[in-house]
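Participant: Everything below, folded, please.
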Amino acid sequence: MLHAGLSLVWIGRHVKFLMVLNHDHCYNKMRFMPDISSNPLSHNHSLIVRVVIMLFMAWAPHASAQQHVFENSKQYLGYYRPQLGEYGDEITLGGTARLITDFSFPYTTKFTSQGDERARIRFYANDGNILSPYYTAPGTLLYESGFFPLNPGAGRRDFKNLNIVVPDKFTWTIEFRGLSMALNDQAGLLYFNPVTVGQSYGDYWVKNEQGVWLPLQTRGLDDNFGASFFATYAPDSTPRITSFRPNGSSSFDLIVNVIQGRNYALEYADPAESMQWHRLETILKAPSSELRLTANAAKPARLFRVKEMARSVSMLGGQPLVTAKAIKGTTYVLEYINSLSQTNWIRLPEFMTATSDIVSILDLSKPVPPTRFYRINEANDR
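Facilitator: Prediction:
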């Protein structure tokens, strides 16, 4: 049995991003950008006769669908950044697929070949040192390409058939070797803006000689480097209850496999009303890929499921716009609660039939509430 509802927490009016699918490759001239002043920025029984565990199997039909999850190639700004050491861009992916399959980026070089000019790419989760409420440095290494050779002039590097699971937000970097970064012995990433799929803040990360990551920003310029990412759905991206056992006479222990850092909800239903689901627990920013949860027992049985919460919220015309994964052709409805102490979701009159694997629904309530917790659910799923 497939359930396609997702939950979304929206607190206040903080806006993340809207995804716009649009891309073209347009850069035809480059000029060196001198080393302009850069500054660091602030930027949780009685024995059961029968227990049924209902797993939330989200969007299995899309297991092999490829998505364009990040694109920044619409407008080349005419600059590139030569940089000693390792540096790169923190990005937020659009779409919902998170198993990176294809990655490409443009660069330029200017040197007389000595045969040792090379570079390598790395992906990092931003789970390192917390520098401010806005900056968490690159930490866990997710991928390393190994060194590849460089040739003089403009170039583009394409990585195909990758299988790298990444979080919604991560940092990709490059490290050039065999170059002094003097005027005639240098290489660098190209500046593009605006980002057309996904999101990137106007800064970049640099690892200094002591191995410490620092966020830098060029005065008067958005430090966004040209790149393109495609992804599909990771086989382990659906939350799964992998263990379910009694804990004494009045509760159960559940072990749930999830994606670290994402948001989930544990819900239950009584067998006699199997379409009426109630929130039991909300897990915001899962601390690990394996969650250990406790659920109270009920007679004669109780159904459980774990649902991944939705990925995006924005504002459109002053109203909250809630976005989630979807099955094309399925009709969805927007539901909410006003506090985490509530267990029954209130259904809004706004319905939407998905025309792709993303659905977005506006909350047209007046006035706009200061705090509200949303979920997008199938219209026939209570």
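
Participant: Can you name every helix or strand that the helix or strand hosting Leu214 contacts?
Facilitator: Taking DSSP states H and E as the criterion, the element that holds Leu214 is strand 213-218. Taking 3 or more Cβ pairs under 8 Å, 6 or more residues apart in numbering; DSSP states H and E as contact, the helices and strands that strand 213-218 lies on are strand 38-39, strand 204-207. For every residue, glycine as well, the C-beta is placed using N, CA and C.

Participant: Worst mean pLDDT among these?
Facilitator: Of all those, the minimum mean pLDDT falls on strand 38-39 (a mean of 38).

Participant: wait, Tyr374 sits on Leu334?
Facilitator: Yes. With contact defined as Cβ atoms under 8 Å, Tyr374 counts as touching Leu334 (6.4 Å).

Participant: which one of the two has more residues nearby?
Facilitator: A side-by-side neighbour count of Tyr374 and Leu334, using other Cβ atoms under 10 Å, places Leu334 first with 28 against 24.

Participant: overlap in contacts of Tyr374 and Leu334?
Facilitator: Residues touching both Tyr374 and Leu334 by Cβ atoms under 8 Å, 6 or more residues apart in numbering: 322, 363.

Participant: how about low-confidence regions in this protein?
Facilitator: Filtered on pLDDT under 70, the chain yields the residue ranges 1-65, 234-238, 271-275, 297-302, 309-312, 325-328, 356-357, 381-382.

Participant: Quick check: can you list the domain ranges of it?
Facilitator: For the chain, the domain assignment from automatic domain parsing gives the residue ranges 6-11+236-378, 64-232.

Participant: so Val256 bridges to which residues?
Facilitator: When assigned by DSSP bridges, Val256 has beta-bridge partners Ile241, Leu291.

Participant: how deep is it tucked in, by neighbour count?
Facilitator: Quick note: Val256 (other Cβ under 10 Å) scores 22 neighbours.

Participant: Identify the residues contacting it.
Facilitator: Here Val256 is in contact with 239-242, 264, 266, 290-291, 293, 306 (criterion: Cβ under 8 Å, 6+ apart).

Participant: Can you tell me which residue is spatially central in the chain?
Facilitator: Geometric centre of the chain, nearest residue: Asp168, 1.4 Å, by Cα atoms, centre = their mean.

Participant: my guess is it meets Arg98, correct?
Facilitator: Yes. With contacts defined as Cβ under 8 Å, Asp168 counts as touching Arg98 at a distance of 7.2 Å.

Participant: Apart from its neighbours in sequence, what residue is nearest Glu335?
Facilitator: Leaving aside its sequence neighbours, Glu335 sits nearest to Trp345 (Cβ to Cβ, 6 or more residues apart in numbering; 4.1 Å).

Participant: Contact partners for that neighbour?
Facilitator: Trp345 makes contact with 279, 335-337, 375, 377 under the criterion Cβ under 8 Å, 6+ apart.

Participant: and if you look at Asn126?
Facilitator: Contacts here follow Cβ under 8 Å, 6+ apart; on that basis Asn126 touches 90, 136-139, 167, 169-171.

Participant: out of those, who's nearest Asp203?
Facilitator: Within the contacts of Asn126, proximity to Asp203 (Cβ to Cβ) peaks at Glu90, which comes in at 7.7 Å.

Participant: Look up which residues are beta-bridged to that closest one.
Facilitator: Note on Glu90: beta-bridge partners Thr171, judged by DSSP bridges.

Participant: Please apply the same query to Thr371.
Facilitator: Ile11.

Participant: one step back: are any of the contacts of Asn126 buried, and if so which?
Facilitator: With burial judged by 16 or more other Cβ atoms under 10 Å, the buried subset of these is 90, 136-138, 167, 169-171.

Participant: for these, which one is nearest Val212?
Facilitator: Ranked by distance to Val212 (Cβ to Cβ), the buried ones among the contacts of Asn126 are led by Ala137 at 8.0 Å.
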